[in-house]
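> Can you look at this prediction? I've put the sequence above it.
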Amino acid sequence: MDALNDDEVLFVGTAEAEHTEMYLKAIWHIREKGGDVKISTIAKRLNVRQPSVVQMLKKLAERDLVKYNKAGVSLTESGDNIAASMIRNSRLLEVLMDSALKIEIDEEMVCGIEHHMSKQFTDALCVMLNCPSKSPRGREIPMGECCKTSRGQ
């Protein structure tokens with residue numbers, strides 16, 4: 001078969017979208033652990049320099065995903081929804097690897113996949129895993145629509 005005629009579609013990811021999602025996810029993680037969400041803590045969490053964080057926070061604020069000032073950083077409702085989706089995706093993938101596939105959780109793989117999961121895929125995965133409420137590490141998994149009936153809420 002001629003490689004040029006094969007029907008496999010190739011996609012080039014959008015690095016900017018993934019970058020945005022990682023910042024929002026970092027803010028969620030810091031907040032979840034009860035830490036102060038500041039430029040310095042975000043920089044440390046993502047292993048980037050503080051000026052890079054400030055530059056990104058300006059972009060995220062323009063898109064109404066975060067609010068920030070010298071006192072701290074918070075997610076807007078839109079930013080929180082995106083972060084919750086990323087957290088849900090990654091924690092469901094952890095459950096998949098640990099409980100269903102019985103393989104070691106590969107953080108790098110999880111991070112690579114979580115950005116490309118559609119809501120339909122995430123909900124199907126969640127249902128397949130019986131709508132878990134906690135990751136293998138004991139962290140809360142944000143609930144999706146599919147969980148409301150199975151978790152009785």
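Happy to help now that I have it. Numbers count the residues shown, from 1 in each chain.

> Which residue, other than its chain neighbours, is closest to the residue nearest to the spatial centre of the chain?
Nearest to the geometric centre of the chain sits residue 86, at 2.0 Å (CA atoms, centre = their mean). Spatial nearest neighbour of residue 86, chain neighbours left out: residue 25 (4.6 Å); criterion: CB to CB, 6 or more residues apart in numbering. Where C-beta positions appear, they are placed from N, C-alpha and C, glycine not excepted.

> buried residues in the host helix or strand of the one you found?
Taking DSSP states H and E as the criterion, residue 25 maps to helix 15-32. Residues 20-31 are the ones in helix 15-32 that count as buried (16 or more other CB atoms under 10 Å).

> Repeat that for stretch 92-102.
Buried positions in stretch 92-102, judged by neighbour count with 16+ other CB under 10 Å: 92-97.

> Could you list the low-confidence segments of this structure?
1-7, 9-14, 149-153 (pLDDT under 70).

> So it: which segments form each domain?
Following automatic domain parsing, the chain resolves into domains at 15-75, 80-146.

> and the longest one, how far apart are its ends?
Think domain 80-146. 19 Å (CA to CA, to the nearest Å).

> thought residue 54 was touching residue 38?
No: using CB atoms under 8 Å as the test, residue 54 is too far from residue 38 to be in contact (11.2 Å).

> Compare the two (neighbour count), which wins?
residue 38 (17 against 13; other CB atoms under 10 Å).

> how about the strands of the chain, start to end?
Assigned by DSSP state E, the strands in the chain fall at 66-69, 72-75.

> Out of those strands, which is closest to residue 133?
Among the strands of the chain, strand 72-75 comes nearest to residue 133, with 21.7 Å by CB to CB.
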